[in-house]
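A.B. asks: this one's structure only:
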């Protein structure tokens with residue numbers, strides 16, 4: 001592809017959201033091209049290849065809501081791992097021929113709005129190096145595009161292997177018999193710990209905050225069982241859009257504080273046995289709104305963990321007697337044998353709030369009271385979530401305004417899909433959408449379909465662009481944050497609120513009221529003639 005190629009649409013990213021958008025926008029007859037830094041289709045599942053990496057939403061809702069894709073594809077597990085998901089995306093590509101409109105191993109570095117020409121100028125490095133233009137710019141970088149490693153003193157002096165989970169070497173690492181450290185116990189930390197813990201010589205886990213991990217309840221799936229259910233898939237997938245988090249289950253619309261102890265235990269037991277996020281998204285409706293209800297859920301959770309952790313010292317680090325934060329206000333991970341691995345004699349855990357990491361040495365890590373030698377250090381330290389992917393790109397809109405400047409004092413969007421002063425720029429699975437509180441394919445399907453209808457509206461009405469007003473953007477920001485203030489999320493220092501990044505504003509980065517409320521909000525704006533948007537004329541056609 002040569003430089004200065006004009007497209008109707010340029011898409012950044014190649015995961016679920018980007019694929020659904022391409023599938024929908026192709027129906028409008030637009031020319032589309034995508035760029036992704038990965039080597040092929042798959043987005044986050046191209047990059048996360050660490051041992052144990054797998055999805056935490058379950059089949060059948062964790063897949064594209066596209067019949068020609070699922071009609072002849074079957075998963076082997078309810079919660080597929082990264083290898084199977086890569087095979088799934090290869091199948092998607094075979095069925096939809098997505099890659100014909102992509103250049104991989106390419107990084108978009110700048111996207112600038114050209115006011116005179118009414119298009120975006122996009123600069124790309126890597127395999128697709130060049131300058132491109134498009135009328136529409138779709139940012140599908142996901143909520144976990146920018147890795148984070150804290151500034152540990154002397155980290156560069158460590159002579160062993162060290163890497164972030166998202167940068168696990170594709171050729172693999174042999175951990176057998178090795179002395180390994182894992183820093184962090186979020187989703188990737190829990191997964192990699194329980195996987196490599198069966199092979200290492202020794203494993204030391206450095207924990208800052210407890211993970212209120214929930215049982216995955218993994219199970220094998222047969223092709224026969226899935227094929228029998230496929231005639232119902234359209235109903236199942238549409239029903240998922242009516243649940244709070246876009247899953248096959250919904251919240252329990254009762255209050256824990258109003259239930260008897262026996263009634264509470266029955267609900268807790270049911271959600272626990274069902275596995276997945278049922279104890280989170282399917283729990284009593286007051287669990288993340290009422291401190292008393294939250295404490296009851298924590299008490300139950302700690303009781304279940306204490307049944308499995310044998311060492312009292314480890315138990316007090318993993319599930320303290322005194323509740324350290326409101327349970328479920330930080331993202332819980334799904335585990336299979338996490339606590340059994342931590343029971344092993346060759347596995348230890350260090351509470352770095354009590355014994356902080358002071359520095360790295362050539363051979364390992366020194367804390368305030370101990371010194372450790374390691375062959376490998378794994379940083380399971382997470383991401384600059386939700387907004388980090390945007391900040392990797394120099395995005396400039398009308399008047400040359402920089403997105404990083406617009407967001408310096410807070411993250412502003414309208415409807416969780418558009419940004420003022422950024423004409424014809426749409427995004428999904430980012431700030432102010434259901435994003436981290438939802439099953440990704442469900443929320444991206446809803447957003448993709450809305451974006452496609454908006455683009456169709458612009459095309460059919462011969463407009464040049466649509467862009468939200470600052471007033472609409474401010475109103476949406478207040479709506480998202482005021483709704484969150486009615487919950488316990490503001491009380492916890494989590495990446496949901498941007499609290500894992502020093503200097504980042506504490507604010508609600510996600511829409512917490514659930515998918516049905518979100519869908520109503522965005523569809524109401526659409527029905528009202530795209531309330532909150534300004535439509536501009538196309539650039540004049542120069543006749544020669």
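C.D. replies: Yep, it's here. Everything numeric here is computed off the predicted structure, so don't read it as measured data.

A.B. asks: give me the contact list for stretch 277-296.
C.D. replies: 56-57, 214, 243-245, 247, 249-257, 259, 264, 267-268, 270-272, 274, 297, 301, 323, 326-329, 332, 334, 437, 486-489 (CB atoms under 8 Å, 6 or more residues apart in numbering). The C-beta positions use only the backbone N, C-alpha and C, and glycine is treated the same way.

A.B. asks: can you count the residues close to residue 188?
C.D. replies: Neighbour count of residue 188, defined by other CB atoms under 10 Å: 26.

A.B. asks: once you drop chain neighbours, what's closest to it?
C.D. replies: Using CB to CB, 6 or more residues apart in numbering and skipping residues adjacent in sequence, the residue nearest residue 188 is residue 165, 4.0 Å away.

A.B. asks: so the one you found sits right up against residue 190, yeah?
C.D. replies: No. The pair residue 165 / residue 190 is not scored as a contact, 10.7 Å apart, by CB atoms under 8 Å.

A.B. asks: show me what contacts the residue nearest to residue 66 when sequence neighbours are not counted?
C.D. replies: Counting by CB to CB, 6+ apart, residue 66 lies nearest to residue 23, which is 6.1 Å off, once chain neighbours are set aside. Residues near residue 23 by CB under 8 Å, 6+ apart: 64, 66, 96, 98.

A.B. asks: pull the contacting residues for the residue nearest to residue 188.
C.D. replies: With contact set as CB under 8 Å, 6+ apart, residue 165 has these partners: 48, 50, 53, 188, 189, 192, 378, 379, 380.

A.B. asks: mind checking how far the closest residue to the fifth one other than its chain neighbours is from residue 345?
C.D. replies: On the basis of CB to CB, 6+ apart, the spatially nearest residue to residue 189 that is not a chain neighbour turns out to be residue 380, at 3.3 Å. Using CB to CB, to the nearest Å, we find residue 380 at a distance of 22 Å from residue 345.

A.B. asks: for those two, indicate the residue with more neighbours.
C.D. replies: Taking other CB under 10 Å, residue 380 and residue 345 do not tie; residue 380 has more neighbours (22 against 7).

A.B. asks: phi, psi of the more buried one?
C.D. replies: Per-residue torsions, residue 380: phi -100, psi 60 (degrees, to the nearest 10).

A.B. asks: pretty sure it contacts residue 195?
C.D. replies: No. In this structure, residue 380 is not within contact of residue 195 by CB under 8 Å, at 11.7 Å.

A.B. asks: count the neighbours of residue 8 for me.
C.D. replies: 17.

A.B. asks: can you tell me, leaving aside adjacent residues, what's nearest to it?
C.D. replies: residue 30 (3.9 Å).

A.B. asks: in the sheet, who's paired with residue 350?
C.D. replies: According to DSSP bridges, the partner residues bridging residue 350 are residue 206.

A.B. asks: so where's the stretch 51-200 of the chain uncertain?
C.D. replies: Counting by pLDDT under 70, the stretch 51-200 of the chain contains no low-confidence residues.

A.B. asks: where along it do the helices fall?
C.D. replies: Remark: helices assigned in the stretch 51-200 of the chain by DSSP state H, counting those that start in this stretch are 67-70, 82-96, 187-196.

A.B. asks: pick the most deeply packed of those.
C.D. replies: Among those, the stretch with the highest mean neighbour count (mean count of other CB atoms under 10 Å) is helix 187-196, at a mean of 24.

A.B. asks: before we move on, the earlier item: which stretch among the helices of the stretch 51-200 of the chain approaches residue 396 most closely?
C.D. replies: Judged by CB to CB, the one of these that comes nearest to residue 396 is helix 82-96, at 31.9 Å.

A.B. asks: and the helices of the stretch 51-200 of the chain as TSV, adding distance to residue 389?
C.D. replies: TSV is the format used below for those (distance: least, CB to CB, whole Å):
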stretch	distance to residue 389
helix 67-70	25
helix 82-96	19
helix 187-196	17
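
A.B. asks: do you know which of those lies nearest residue 224?
C.D. replies: So among those, helix 67-70 is nearest, using CB to CB, at 15.4 Å.

A.B. asks: what packs against the closest one?
C.D. replies: Applying 3 or more CB pairs under 8 Å, 6 or more residues apart in numbering; DSSP states H and E, one finds that helix 67-70 contacts helix 82-96, helix 233-240.

A.B. asks: what do you get if the cut-off is 7 Å, keeping everything else the same?
C.D. replies: Applying 3 or more CB pairs under 7 Å, 6 or more residues apart in numbering; DSSP states H and E, we find helix 67-70 packed against helix 82-96.

A.B. asks: run through who's touching the helix it packs on.
C.D. replies: By CB atoms under 7 Å, 6 or more residues apart in numbering, the residues outside helix 82-96 that reach it are 19, 23, 41-42, 45, 48-49, 53-55, 64, 68-69, 73, 75-76, 98-99.

A.B. asks: tell me where the stretch 251-400 of the chain has strands.
C.D. replies: Along the stretch 251-400 of the chain, counting by DSSP state E, counting those that start in this stretch, strands occupy 334-335, 347-351, 357-360, 364-367, 371-373, 376-379, 394-396.

A.B. asks: secondary structure element holding residue 25?
C.D. replies: helix 16-25 (DSSP states H and E).

A.B. asks: in the protein, what spans have low per-residue confidence?
C.D. replies: Along the chain, segments meeting pLDDT under 70 span 1-4, 541-544.

A.B. asks: so which residue is dead centre in it?
C.D. replies: Centroid check for the chain by CA atoms, centre = their mean gives residue 143 as the closest residue, at 4.3 Å.

A.B. asks: find the nearest non-adjacent residue to that one, please.
C.D. replies: Counting by CB to CB, 6+ apart, residue 386 is the residue found nearest to residue 143 once chain neighbours are left out, at 4.6 Å.

A.B. asks: which members of the contacts of stretch 277-296 are classed as buried?
C.D. replies: Taking 16 or more other CB atoms under 10 Å as the criterion, what is buried in the contacts of stretch 277-296 is 56-57, 214, 243-245, 247, 249-252, 256, 259, 264, 267-268, 271-272, 297, 301, 323, 326-329, 332, 334, 437, 487-489.

A.B. asks: tell me what angle the helix holding residue 25 forms with helix 82-96.
C.D. replies: With axes from the mean of the first three to the mean of the last three CA atoms, to 10 degrees applied, the angle from helix 16-25 to helix 82-96 works out at 10 degrees.
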